[in-house]
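[1] this is a predicted model, with the sequence first.
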Amino acid sequence: MAIIDPTRTWEPLEKRLAATTNERHRVVLQTVIDHMKAERNADLDALMATVAPNPEYHFWSSGTDDFGPKGFDVVRGYYADFVASRTNVLEFEVTRLIVDDNSLVTEGLLKQIYPGAAAAAIGIPVDDESADYLVVFRQLLVWPIDENGLVLGEDSYCPGVISVTKLSAEDLPQAYVDMMAAPA
């Protein structure tokens, strides 16, 4: 089994979407699915097409104050940096999914491949900045959705890193290898 399978990120949402008859819940689910797929594809325009005009992201991790981006241009910059960091090869193993008319809640393990330098830049301890690492976090995300079906932000609760594993070349998914070989 691949150490990262991005499709497992949205599979639980697609399963819920297939079983959901409430039209508003279907809109909420589809918006987040589209958002997740745009992240995986590093498609900044498609990603921002899912975001409301004045989003507010709230990030809390290990006792820190909220450090999420606020405002459309700042959120766009956040996602541009995310795409540039090449850390979008990820899998969010959703173990809890709650949907209502105005939000979606996802909880589970976020598994993400980081180039060592990118991990070190955000304070993740690595012993070789030229290596690649599988970093696992527990995360709970609240996705507020506006009346037009757009993401108003993300309220992210992450108690910190669970594990950091140095990867060998054989461990790396082909999508990651291809992305790292492409020009930045």
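    Now that the structure is in, tell me what you want to look at.

[2] drop to CA atoms for contacts and neighbour counts, all remaining ones
    OK.

[3] the nearest residue to Asp100 once chain neighbours are set aside: which element?
    Among residues not flanking Asp100 along the chain, His25 sits closest, at 6.0 Å (CA to CA, 6 or more residues apart in numbering). Secondary structure from DSSP states H and E places His25 in helix 23-40.

[4] pull out the buried positions in the first helix or strand past that helix going along the chain.
    Next in sequence after helix 23-40, counting helices and strands by DSSP H and E, comes helix 44-48. Neighbour-count burial for helix 44-48, with 16 or more other CA atoms under 10 Å as criterion, is recorded at 44, 47-48.

[5] what mean pLDDT would you report for helix 44-48?
    Across helix 44-48, pLDDT averages out at 95.

[6] which elements pack onto that helix?
    helix 23-40, helix 72-85 (3 or more CA pairs under 8 Å, 6 or more residues apart in numbering; DSSP states H and E).

[7] among the ones you listed, which is the most enclosed?
    helix 23-40 (a mean of 20; mean count of other CA atoms under 10 Å).

[8] can you tell me the helix or strand for Phe144?
    No Phe there; residue 144 is Pro. Assessed by DSSP H and E, Pro144 sits inside strand 132-144.

[9] check what pLDDT the residue of the chain most remote from its centre gets.
    Taking CA atoms, centre = their mean as the measure, the residue most remote from the mean C-alpha position of the chain is Thr21, 26.4 Å away. pLDDT, Thr21: 98.

[10] could you list the low-confidence segments of this structure?
    Scanning the chain for pLDDT under 70 picks out 1, 184.

[11] for Glu147, give me its contacts.
    Asn102 (CA atoms under 8 Å, 6 or more residues apart in numbering).

[12] one more time with 10 Å
    For Glu147, the contact set (CA atoms under 10 Å, 6 or more residues apart in numbering) comprises 24, 27-28, 52, 101-102.

[13] where's Pro173 relative to Met179, distance?
    10 Å (CA to CA, to the nearest Å).

[14] which residues are common contacts for the two?
    Val89.

[15] residues near Pro12, how many?
    18 (other CA atoms under 10 Å).

[16] can you tell me the SS state at it?
    helix (DSSP: H, G, I helix; E, B strand; the rest coil).

[17] I figured it hits Glu91, correct?
    No. Between Pro12 and Glu91 there is no contact under CA atoms under 10 Å: 12.0 Å.

[18] rewinding a little: got TSV for the helices and strands packed on helix 44-48, with distance to Ile113 too?
    Output for the helices and strands packed on helix 44-48, formatted as TSV (distance: least, CA to CA, whole Å):
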stretch	distance to Ile113
helix 23-40	12
helix 72-85	11
